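> coordinates only, sequence not included:
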């Protein structure tokens, strides 16, 4: 079966900066693929390359069977793209926005009303179809953006951090809609900096400075963890993490809410050492124990390994 998305050594440079560095991946039809990384990792640049908005410096990619270099215009008819700032028109109603995008994509008038009604119901926007887009909540704007991106029934849907800044309830609703799309064989390529969201994807790619440092199902990626995670419950966790960073490698120490995570290859030795450091500072830990890694732990670990060995540290 032909991949829905395939890239081969895709590279984009802006003067001396390589925003994307030799990206090679394959996404089969009907999958939710998550591109995960912090701000500046290259997620938006990757999206713009795969949607043929940007031209690569080198390498090639094919989306829905179309070359991003040779068949850019034909490709755009088969994809939906929702950027971080999707172009909704605040002075148009929900319904008018959807019809506007239907006109842009050349959706035939015949049968359009049924498709629009279905999208409104699908995104729970039917009660708000006459409301101006400018008066919608953040979560509702995202749902409207999704409806507009789907009006021409794309084979592949690109979503660039679609839930960024959206409340948790709206994020959950948005993901429920994405799962419904999977049943219709739509391939979804989503970028996110929320690592808890990444666990909802079939497969993920961890992106760091334009390079993939890991690729696979979330549970498989977690097994790439180099070392053991020590969870430290301690008063004043921020101060505790600062103290530990002075002794352990900075990348090995992470702050997770009210707890500190320490990545260790010698958990017993390092646990005792961390306990002594914190106790001496008047921050006696309530507990230090090994825990299963989160994707964020894995990301931190893999980035630290890459800094130590930029060639062999990569997965």
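Received the coordinates, thanks. Quantities reported herein were computed from a predicted structural model and do not represent experimental measurements.
> now do the strands in the stretch 201-315 of the chain.
Assigned by DSSP state E, counting those that start in this stretch, the stretch 201-315 of the chain shows strands spanning 203-208, 211-216, 228-233, 253-256, 259-264, 287-291.
> now the third one against strand 259-264, angle please.
Relative orientation of strand 228-233 versus strand 259-264 (axes from the mean of the first three to the mean of the last three Cα atoms, to 10 degrees): 150 degrees.
> which of the strands of the stretch 201-315 of the chain has the lowest average pLDDT?
Among these, strand 253-256 carries the lowest mean pLDDT, at a mean of 87.
> how far off centre is that one?
The chain centroid and the centroid of strand 253-256 are separated by 21 Å under Cα atoms, centre = their mean, to the nearest Å.
> parallel or antiparallel, which strands does it pair with?
Strand 253-256 has its sheet partners listed here by DSSP bridges as strand 259-264 (antiparallel).
> what residues does the partner strand touch?
By Cβ atoms under 8 Å, 6 or more residues apart in numbering, the residues outside strand 259-264 that reach it are 225-234, 237, 240-241, 244, 248, 251-255, 270-271, 274, 291, 297, 300-301, 304. (C-beta placed from N, C-alpha, C; glycine too.)
> give me that answer again for 6 Å
For strand 259-264, the external contacting residues (Cβ atoms under 6 Å, 6 or more residues apart in numbering) are 227-233, 237, 240-241, 252-254, 270, 274, 297, 301.
> what's the neighbour count on the closest residue in space to residue 64 that isn't next to it in sequence?
Of all residues not flanking residue 64 in the chain, residue 78 sits nearest, at 4.1 Å (Cβ to Cβ, 6 or more residues apart in numbering). Neighbours of residue 78 under the rule other Cβ atoms under 10 Å: 17.
> and if you look at residue 70?
Residue 70: 11 neighbours (other Cβ under 10 Å).
> go on, residue 58?
Neighbourhood size, residue 58 [other Cβ under 10 Å]: 11.
> need the pLDDT of it.
Reading off the model, residue 58 has pLDDT 96.
> same check on residue 157?
Model confidence at residue 157 (pLDDT) stands at 95.
> quick check: it touching residue 187?
No - between residue 157 and residue 187 there is no contact under Cβ atoms under 6 Å: 7.0 Å.
> give me the domain ranges for this structure.
The chain breaks down by automatic domain parsing into domains covering 5-222, 228-292.
> quick check: which of these is buried the most?
Among the domains of the chain, ranked by average contacts under mean count of other Cβ atoms under 10 Å, first place goes to domain 5-222 (a mean of 18).
> quick one: distance of that one to the chain centre.
Put simply, domain 5-222 sits 10 Å off its chain's centre (Cα atoms, centre = their mean).
> gap between the two ends of that domain?
End-to-end span of domain 5-222 (Cα to Cα, to the nearest Å): 24 Å.
> skipping its backbone neighbours, what lies nearest residue 9 in space?
Leaving aside its sequence neighbours, residue 9 sits nearest to residue 59 (Cβ to Cβ, 6+ apart; 4.1 Å).
> the helix or strand hosting the one you found - contacts with which helices or strands?
Assignment of secondary structure by DSSP states H and E places residue 59 within strand 58-63. Under the contact criterion of 3 or more Cβ pairs under 6 Å, 6 or more residues apart in numbering; DSSP states H and E, strand 58-63 touches strand 5-14.
> so what strands line up beside the strand it packs on?
Strands that pair with strand 5-14, judged by DSSP bridges, come out as strand 17-27 (antiparallel), strand 58-63 (antiparallel).
> ok, the next helix or strand after the shortest one: who's next to it in the sheet?
Right, strand 58-63. Later in the chain than strand 58-63, the nearest helix or strand by DSSP H and E is strand 66-67. Next to strand 66-67 in the sheet, as set by DSSP bridges, lie strand 58-63 (antiparallel).
> which residues of the chain score low on pLDDT?
Applying pLDDT under 70 to the chain picks out residues 250-251, 306-315.
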